[in-house]
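Asks: Predicted coordinates and the sequence they were generated for:
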Amino acid sequence: MVIKVLELMTQCYSYEDGTILKDALLKRIKRGERSVVDFSGVNGVPSSFVNGSFVALLDDVTFDDIKKYVTFLGTNTQITGL
């Protein structure tokens with residue numbers, strides 16, 4: 001399933017925005033379902049968003065689970081940090 005970030009929320013700015021993505025991913029990971037997170041249309045995300053989504057996700061699942069069940073689409077170097 002593709003999760004289009006800008007369909008879940010209007011902005012990717014705050015910790016609270018990030019928790020919306022975290023909750024969507026957590027449900028799917030717990031069911032053993034893979035997700036593609038599509039950042040198309042998002043120019044960048046601050047650390048507060050990353051903390052609310054992916055860092056907070058580590059409270060509930062392992063890093064290996066995230067690598068197994070989550071892939072990304074529509075990212076840029078600002079989002080990936082590479």
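Replies: Cool, got the structure. Numbering: from 1, shown residues only.
Asks: Tell me where the chain has strands.
Replies: 2-4, 35-38, 70-73 (DSSP state E).
Asks: in its sheet, what does the last one sit against?
Replies: What it means is strand 70-73. strand 35-38 (parallel) (DSSP bridges).
Asks: Could you do the shortest one as well?
Replies: Sheet pairing here is set by DSSP bridges, and for strand 2-4 it gives strand 35-38 (parallel).
Asks: in the strand it pairs with, what's buried?
Replies: 35, 37-38 (16 or more other CB atoms under 10 Å). C-betas here are computed from N, CA, C, even on glycine.
Asks: Give the full set of residues in contact with V5.
Replies: Each residue near V5 by CB atoms under 8 Å, 6 or more residues apart in numbering is listed here: 12, 21, 37-39, 42.
Asks: ok, now how distant is K27 from I3?
Replies: Note on K27: its distance to I3, by CB to CB, to the nearest Å, is 11 Å.
Asks: Comparing these two, which residue is more hemmed in?
Replies: Legend: neighbour count by other CB atoms under 10 Å for K27 and I3, higher for I3 (17 against 11).
Asks: counting contacts, what elements does the helix ranked longest in the chain pack onto?
Replies: Assignment by DSSP state H gives helix 15-30 as the longest helix of the chain. With contacts taken as 3 or more CB pairs under 8 Å, 6 or more residues apart in numbering; DSSP states H and E, helix 15-30 sits against strand 2-4, helix 5-8, strand 35-38, helix 47-50, helix 56-57, helix 63-69.
Asks: please redo it, this time with the cut-off set to 6 Å
Replies: Contacts defined by 3 or more CB pairs under 6 Å, 6 or more residues apart in numbering; DSSP states H and E place helix 15-30 against helix 47-50.
Asks: in the helix it packs on, what's buried?
Replies: Using 16+ other CB under 10 Å as the test for burial, helix 47-50 gives 49-50.
Asks: and if you look at stretch 4-16?
Replies: 5, 9, 12, 15.
Asks: Can you tell me which of these is nearest V70?
Replies: V5 (12.4 Å; CB to CB).
Asks: Can you give the distance of stretch 55-67 from its chain's centre?
Replies: Relative to its chain's centre, stretch 55-67 lies at 11 Å (CA atoms, centre = their mean, to the nearest Å).
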